[in-house]
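# The sequence and its predicted three-dimensional model are supplied below.
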Amino acid sequence: MLTGGSYQLAMATYLGAGALALLLLAWWLRRWPLLASWLCCSGAALLLLPAYPEPGMETMAPALVVAAFQFGTEGLEAAMHALRPLGVALLAAQVPGLALGAWLRRRRGAAAASA
């Protein structure tokens with residue numbers, strides 16, 4: 001059974017690992033700012049969104065993990081409570097991801113033209 005402290009440590013570790021993975025992805029794709037920002041924002045929406053594992057529970061887990069386990073064990077209908085917010089978050093991440101990438105690409109192009 002998880003205690004309050006171990007639950008917080010587990011969630012902080014998961015969120016830290018997700019943030020580190022996104023930073024490494026951004027660094028790896030730094031030559032392509034549009035792709036990097038789009039994938040990082042989409043990845044943040046998929047990796048960092050929490051969801052309740054089952055209705056009535058007090059603790060949360062990563063929504064992607066909840067959806068995968070619910071789909072694998074109980075089917076699509078049971079996973080829909082985690083898949084709906086994931087879809088909305090993924091759609092909402094597209095606008096800032098593409099806008100940031102376009103801005104970075106434009107800024108890089110202006111810096112190269114002035115040099």
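On my side now, so go ahead. The shown structure was predicted, so the numbers you read here are calculated from the model rather than taken from an experiment.

# Give the buried residues for stretch 38-55.
Within stretch 38-55, the residues that qualify as buried are 38-51, 53, counting by 16 or more other Cβ atoms under 10 Å. For glycine as for every other residue, the C-beta is placed from the backbone atoms N, C-alpha and C.

# Which single one of the residues you listed is nearest to Leu9?
The closest of the buried residues of stretch 38-55 to Leu9 turns out to be Pro50 (Cβ to Cβ; 15.3 Å).

# can you pull the pLDDT of that closest one?
The model reports Pro50 with a pLDDT of 90.

# go on, the one 3 residues further on?
Per-residue confidence at Pro53 stands at 87 (pLDDT).

# wait, what's in contact with it?
Residues in contact with Pro53 (Cβ atoms under 8 Å, 6 or more residues apart in numbering) are Thr59, Met60, Ala61, Val66, Phe69, Gln70.
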